[in-house]
Every structure is written in C-alpha cells, then in structure tokens.
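Chemist: the following comprises the amino acid sequence and a computationally predicted model.
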Amino acid sequence: MYALRIDSVDPAFNLALEEILFDTLSPENPGMFLIWRNEPSVIVGCHQNTAEEVNAAFCRERGIHVVRRPTGGGAVYHDLGNVNFSFLVWVDKNRLAGFEEFMEPMVLALRDLGVNAAYTSRNDITVDGRKVAGTAQRRSGQKMLHHGCLLVDVDTAALSGALAADPEKFRSKGVASHRARVANLREFLPAGLSPERRMTMVIDAMTRRCAPEERSLDPALREKAEALARSRYRSWEWNWGRSPRFTEKRRRRFDWGRLECLLNVRNGVIDGCRLFGDFFALRDIRELEALLVGQRADPSSLRAALADAPVESWFSGARRDELLAFLCGDDQ
C-alpha cells in the first residue's frame, strides 16, 4: 500500500482519476491510498435522484459543482475544508471485505491527534456522537474501492444550503440521503491552529497510519483521467440524466391565479407534463404542456425550449418573466 496526494481540487477530475486508478489494481499493483480535496461541490450517490438531493438554485448561484460518484450512499458536500480519502485494494476472491477494516486506521489517525473518534454501525466516524466522516464502497471482481470524506473545517452554512432541496417537492424511487448531525474536526483539535496547519496535521496523521510510503502520479494516468472527466464526470447525462424516474410537483400562487406544474421525468428528460390551477386560460393549455415534453429537466434546457414561445399568452394576466422562472425551475 502506498499513498498518492492528489493536487487537483476539481471534483470531476478527482473522481475520474479514482476510477482510472481503480482499474489499474492487480496482483502486481495490489493497493494504494489516495488523499484529495475538492473545491465546493455536491457529490451525489450513484443510486440517487440528483434533483431530489441538491438545491440546484443555491448551487448555481454559488458556482458549486454537482457530480455523481460511482458508489452508493447519500449526497455529501465537499469544499477545501474537507479531506477525502480512498483505499483501492486488490482482494482475494472469497474475502468479504467490510467497512471496519478501512475505518480503523482512520479512527486511529484521529486518536493520534487527541480526538476521541469512534467507528459507528452507519459506516461513519463520529466524535461525541457527531458525524465527522462518512464512507461508501464499491467492489468489482477482486477490486475494492472504499472512500470517504472527513470534515475538518467545512463551511457548514454552504453544506446546509447546497443539500437543502425540499423533500416534499419530489416523489422518487431514488435513495434519500440520511441527514446526520455533523461536526468539524476543528472543534476537537487544539485552539489557535490556522486552517492550513489543521489540514496538514490531519493529512499527515492519515498518511502515517494508512500507507508506509508516498509516490507521485504517473502523467499518463493523469491524461487518462482528464479524458474520462470530460466524457463522463462533467457531463449532464451522468450527473443529472442518470437520476431514476421521478415526479416533480411545483406550486405557486400568482396575482392572476394558482398554478401547479406536474412533471414526470425519466433519465433526466420530461416525458409527461400537466398544468393545473385556478387561472383563466386564453389558449389550449395542452399546447404549452407539449412544449415541455421531451426536454431535459434543467432550467437552461427549458429556457432554450421556451425562448420563442409566448408562454404568457396562455394565462390571463400572466407576466412572462415570472412565468418562465416558474416553468423552468429557476425559482425553485
């Protein structure tokens, strides 16, 4: 087992690199430990409905990335106050590798820093009952990936805002995130440390416990990871289109009446739309519904589809700007 400290803070590249390195595992290259950080981003579990987990408007306003990972579990928020870790190991065919063997060295690393950390049955690390790290796992044949996110000095206001999608707005077959009470490690480390010093202490403790040596990243693998980031991890199809079928319901009362929009979405594309309310219709409302069917269920695609449509002409007293914001989901 050797360690790689990844210098990139691009979440799409980092997840792509993790996958590329995962594919290199073999009896000749049986294990590595990755340490990496991301700029502000929401990392969504592979079985989740992205639209249900992410406050899309908040993320757009703050420039927060939204990227899907290839492992299960719930959505998490990353920024430079987190440190992420990955164990990539080649395992025996009949070996049932659990979470605990990967969590133990992380717990010991925190205890080396004087933090009373513990491993819990929810695959988390806690301190005084508060979550400071969560993990997820993936296995393919004899290749095992176990990765997690450790909160050191994360922006908790941004964390709350980025994951604060309205749970009553969606009905979905996706796996909802478990909302846990979280804490930053800075609360349990000595006072007076700078953010940089705290992060260095944590990363050094992790590396000492998890890998006996460090190596540099092969430039050829970096190029492969960048290609994969472009083709998959930065794509709308992967990050949003893979969401399971769901129903989105929007409601708003305007001064000209109440309007309700019900969207059926499959693979990120609207395949059914109904508009209800107590408004006065000036045209057949089915014509407007048809304009939304077949479009991607994201604000920019819907705005493009309705750019030349006089949407206000269907509703007596409606104003174009507020109606477009509602139909496209800009105000959600």
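Modeler: Thanks, I have it.

Chemist: CA atoms for contacts and neighbours, from now on please.
Modeler: Will do.

Chemist: so where's the stretch 51-200 of the chain shaky on pLDDT?
Modeler: Residue ranges of the stretch 51-200 of the chain with pLDDT under 70: 96-97, 122, 165-171, 173, 175-180.

Chemist: farthest residue from the center of the chain?
Modeler: Leu282 (42.0 Å; CA atoms, centre = their mean).

Chemist: now it. Its backbone dihedrals?
Modeler: phi -100, psi -20 (degrees, to the nearest 10).

Chemist: residues in contact with it?
Modeler: Listed by CA atoms under 8 Å, 6 or more residues apart in numbering, the contact partners of Leu282 are 313-316.

Chemist: buried members of these into ChimeraX, please.
Modeler: Buried residues among the contacts of Leu282 (16 or more other CA atoms under 10 Å), as a ChimeraX selection:
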select :314,315
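
Chemist: just the ones of the contacts of Leu282 in strands?
Modeler: Among the contacts of Leu282, none falls in strands (DSSP state E).

Chemist: now distance to Ser300 and pLDDT too, for the contacts of Leu282, in JSON lines please.
Modeler: As requested, the contacts of Leu282 are arranged in JSON lines below (distance: CA to CA, whole Å; pLDDT from 0 to 100):
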{"residue": "Ser313", "distance to Ser300": "21", "pLDDT": "92"}
{"residue": "Trp314", "distance to Ser300": "21", "pLDDT": "91"}
{"residue": "Phe315", "distance to Ser300": "23", "pLDDT": "89"}
{"residue": "Ser316", "distance to Ser300": "26", "pLDDT": "87"}
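
Chemist: ok, the closest residue to Arg283 other than its chain neighbours to Ala297 distance?
Modeler: Using CA to CA, 6 or more residues apart in numbering and skipping the chain neighbours, the partner closest in space to Arg283 is Trp314 (5.0 Å). In this view, Trp314 and Ala297 are 21 Å apart by CA to CA, to the nearest Å.

Chemist: go on, Pro190?
Modeler: 47 Å.

Chemist: show me what counts as buried in stretch 72-83.
Modeler: 72-83.

Chemist: still on that earlier bit, between Pro190 and Ala297, which one's more packed in?
Modeler: Ala297 (25 against 12; other CA atoms under 10 Å).

Chemist: that one against Asn267, yeah?
Modeler: No: applying CA atoms under 8 Å as the test, Ala297 and Asn267 come out as separate, 9.4 Å apart.

Chemist: can I get the strand or helix carrying Ala325 in CSV, CA atoms only?
Modeler: Assessed by DSSP states H and E, Ala325 sits inside helix 320-328. Extracted in CSV, the C-alpha atoms of helix 320-328 (Å, rounded to 0.1, in the frame of the first residue of the first chain):
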residue,chain,number,x,y,z
ARG,A,320,-43.5,36.4,-19.0
ASP,A,321,-40.5,36.7,-16.6
GLU,A,322,-42.2,35.3,-13.5
LEU,A,323,-43.9,32.5,-15.5
LEU,A,324,-40.7,31.4,-17.2
ALA,A,325,-38.9,31.3,-13.9
PHE,A,326,-41.6,29.0,-12.5
LEU,A,327,-41.9,26.7,-15.6
CYS,A,328,-38.1,26.4,-15.9
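
Chemist: pull the distance from that helix to the chain's centre.
Modeler: 27 Å (CA atoms, centre = their mean, to the nearest Å).

Chemist: now do the buried residues in that helix.
Modeler: 323-324, 326-328.

Chemist: which residues are contacting that helix?
Modeler: By CA under 8 Å, 6+ apart, helix 320-328 touches 250, 252, 261, 298-300, 302-303, 306, 310-312, 331-332.

Chemist: now the helices for this structure?
Modeler: Assigned by DSSP state H, the chain shows helices spanning 11-23, 50-53, 56-62, 100-112, 156-162, 195-210, 219-228, 236, 285-292, 299-305, 320-328.

Chemist: could you dump the ones you listed to a markdown table with distance to Trp256?
Modeler: What follows is the helices of the chain, written out as a markdown table (distance: least, CA to CA, whole Å):
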| stretch | distance to Trp256 |
| --- | --- |
| helix 11-23 | 44 |
| helix 50-53 | 29 |
| helix 56-62 | 25 |
| helix 100-112 | 57 |
| helix 156-162 | 31 |
| helix 195-210 | 52 |
| helix 219-228 | 49 |
| helix 236 | 35 |
| helix 285-292 | 16 |
| helix 299-305 | 22 |
| helix 320-328 | 11 |
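
Chemist: quick one, which of those is nearest to Arg139?
Modeler: helix 11-23 (9.9 Å; CA to CA).

Chemist: packing partners of the closest one?
Modeler: strand 65-68, strand 82-90, strand 143-151, helix 219-228 (3 or more CA pairs under 8 Å, 6 or more residues apart in numbering; DSSP states H and E).

Chemist: burial-wise, tell me which of those comes out on top.
Modeler: strand 65-68 (a mean of 25; mean count of other CA atoms under 10 Å).

Chemist: nearest to Pro195, of the helices and strands packed on helix 11-23?
Modeler: Of these, nearest to Pro195 by CA to CA is strand 82-90, at 11.0 Å.

Chemist: distance of Cys328 from Val9?
Modeler: 31 Å.

Chemist: Val89 against Asp23, yeah?
Modeler: No: applying CA under 8 Å, one finds Val89 not in contact with Asp23, separated by 10.5 Å.
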